[in-house]
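> Below: sequence and its predicted model.
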Protein chains: 2
Amino acid sequence: MSLQFAILVALSDGPMSGYDIAKQFDESVGFFWRARHSQIYRELGKLKGKGWATSEEIEQTGKPNRIVFEIAPAGREALLEWSRQPSEVQELKDDFLVQLYALDHVDLDGLRANILSRQERHRDHLAQYQAKYRVLEGSTELVDVGRRLALEVAVIWEREWSEWCGRALDQLAGATAATVGNVVAINQKNGER
Amino acid sequence: MSLQFAILVALSDGPMSGYDIAKQFDESVGFFWRARHSQIYRELGKLKGKGWATSEEIEQTGKPNRIVFEIAPAGREALLEWSRQPSEVQELKDDFLVQLYALDHVDLDGLRANILSRQERHRDHLAQYQAKYRVLEGSTELVDVGRRLALEVAVIWEREWSEWCGRALDQLAGATAATVGNVVAINQKNGER
DNA sequence: GCGTTCATGTAACCTGTTACATGATTCT
DNA sequence: AGAATCATGTAACAGGTTACATGAACGC
């Protein structure tokens, strides 16, 4: 269901085609919910079927025609109703953390390389989110307050991850490679086996 | 694929039935990857098919028989191979943040209630993770270092969320309810429309 | 008597990804 | 010549949830 609402949120900024939504997702509400165009077209069909959005085909020459969707009053009502319902807290779900949890059954060098490349990407994302955040600073407009709060979550997420990566690399610096079926102590002077 | 590896990680601690795995998931590797029993049984079948795990039926009287699974050498090898592959960074995906992003099209009172109940749950989770974390403190055993690092992520996640909830409630304290199709300023003395 | 725990599984469904398909225009 | 952009969509598959089904034992 959530994707349908994310699309309605995107349409709240004005009428858009499926193609537009797929692109807009890269720089707005899509920070918090993503989808491929194949899924977007499917969900747009459902929104239309429910009467939550209306569509209009716009003729173009040289390019394929655009089908522009607009949020309908019933769609706005559905959006309001959705926000009255309590939403589920998002639980951590990350295969990388699963690997860490089983550090003694895993390739340590691979994992270290993984952490390093993650750190880079988190720093990149952090810079992006911070730039977006700064634009909204100081505004008291309700929309901007919400977007700032949402972006704050993103900034914290990326910042904490990139700092965590640094600490993890430090702590794993002296560790030896895992041997299948063997328990390895991280500190050789203390490790009995 | 990841669930299969999460199951293999669980089996690394010793042979277990599907039922056991479903329960263990609530207090170990399941902090970072969850699944219903229906899915676990399905994936156990696949693991067996690939030769990554073996099973043995144990007769019981009064209770249904247990089918205990054990990780096979090929499974250990697969786990190692998996950890050599770089894993995708987990992107934020949260319908609650989508709602925040569209604060002017959403029910403010509903959202505030939502934040409050979230704050409670995040505090609960934080306490749980911290307790688990403390048990591992001081250990230099490789497994424990990994689990501590993984739990650290969980602790930070819950702590930052609960603190964020507090700030969000502060900032939304004075805001008025959204009106459909109307832009509302958060600060009445400055709001022109 | 009623709910919970133990223990297995299946079937239908929803969500999301990957790959395929078309066809003109514009940039390198 | 080849790639990217614009713009739509379909089909097959993978991953995950919900609901259904069975049946004995045990505590309240």
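Good, I have the coordinates.
> C-alpha from now on. contacts and neighbour counts both.
OK.
> Helices of chain A, start to end?
A:2-12, A:18-24, A:37-50, A:73-84, A:95-101, A:108-136, A:142-172 (DSSP state H).
> Can you list the helices and strands that the longest one packs against?
The contact analysis (3 or more C-alpha pairs under 8 Å, 6 or more residues apart in numbering or on different chains; DSSP states H and E) places helix A:142-172 against helix A:108-136, helix B:95-101, helix B:142-172.
> Tell me the residues of chain A that contact DNA strand C?
A:Met1, A:Ser2, A:Leu3, A:Arg34, A:Ala35, A:Arg36, A:Ser38, A:Gln39, A:Gly62, A:Lys63, A:Pro64 (C-alpha under 7 Å from any atom of the strand).
> Most neighbours of all these, which one?
A:Arg34 (19 neighbours; other C-alpha atoms under 10 Å in any protein chain shown).
> How about it: what's its closest non-neighbour residue?
Among residues not flanking A:Arg34 along the chain, A:Phe25 sits closest, at 6.4 Å (C-alpha to C-alpha, 6 or more residues apart in numbering or on different chains).
> Can I get the helices and strands packed on helix A:142-172 in CSV including mean pLDDT, mean neighbour count and distance to B:Ser117?
CSV is the format used below for the helices and strands packed on helix A:142-172 (pLDDT from 0 to 100; neighbours: other C-alpha atoms under 10 Å in any protein chain shown; distance: least, C-alpha to C-alpha, whole Å):
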stretch, mean pLDDT, mean neighbour count, distance to B:Ser117
helix A:108-136, 96, 17, 26
helix B:95-101, 97, 24, 12
helix B:142-172, 97, 20, 10
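> closest to A:Arg76 out of those?
Distance to A:Arg76, taken as C-alpha to C-alpha, is lowest for helix B:95-101 among these, at 12.6 Å.
> which residues are in contact with the closest one?
A:2, A:6, A:9, A:29, A:32-33, A:83, A:87, A:143, A:146-147, A:149-150, B:106 (C-alpha atoms under 8 Å, 6 or more residues apart in numbering or on different chains).
> And for stretch A:122-130?
So stretch A:122-130 is contacted by A:Leu151, A:Ala154, A:Val155, A:Glu158, A:Arg159, A:Trp161, A:Ser162 (C-alpha under 8 Å, 6+ apart).
> coming back round to it: for the residue nearest to A:Arg34, give me its contacts.
A:Phe25 is in contact with A:Phe31, A:Trp33, A:Arg34, A:Ala35, counting by C-alpha under 8 Å, 6+ apart.
> Can you lay out those as CSV showing distance to A:Arg167 and pLDDT?
Output for the contacts of A:Phe25, formatted as CSV (distance: C-alpha to C-alpha, whole Å; pLDDT from 0 to 100):
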residue, distance to A:Arg167, pLDDT
A:Phe31, 26, 96
A:Trp33, 29, 97
A:Arg34, 30, 96
A:Ala35, 33, 97
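> Between these, which sits nearest A:Arg118?
For the contacts of A:Phe25, the nearest to A:Arg118 is A:Phe31 (17.7 Å; C-alpha to C-alpha).
> distance of that closest one from A:Ala150?
Separation of A:Phe31 from A:Ala150 (C-alpha to C-alpha, to the nearest Å): 9 Å.
> how's chain A carved up into domains?
Using automatic domain parsing, the domain parsing of chain A gives A:2-84, A:95-172.
> The first one: how far from the chain's middle?
If I follow you right, that is domain A:2-84. Chain-centre distance of domain A:2-84: 18 Å, with C-alpha atoms, centre = their mean, to the nearest Å.
> same deal with stretch A:94-103?
A distance of 20 Å separates the centroid of the chain from that of stretch A:94-103, by C-alpha atoms, centre = their mean.
> Format the CA atom coordinates belonging to it as CSV.
Provided in CSV are the C-alpha atoms of stretch A:94-103 (Å, rounded to 0.1, in the frame of the first residue of the first chain):
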residue,chain,number,x,y,z
ASP,A,94,20.5,-5.5,6.9
ASP,A,95,22.4,-8.5,5.7
PHE,A,96,25.7,-6.8,6.5
LEU,A,97,24.8,-6.8,10.2
VAL,A,98,24.0,-10.5,9.8
GLN,A,99,27.5,-11.0,8.6
LEU,A,100,28.9,-9.0,11.5
TYR,A,101,26.9,-11.1,13.9
ALA,A,102,28.6,-14.2,12.6
LEU,A,103,32.1,-12.7,12.4
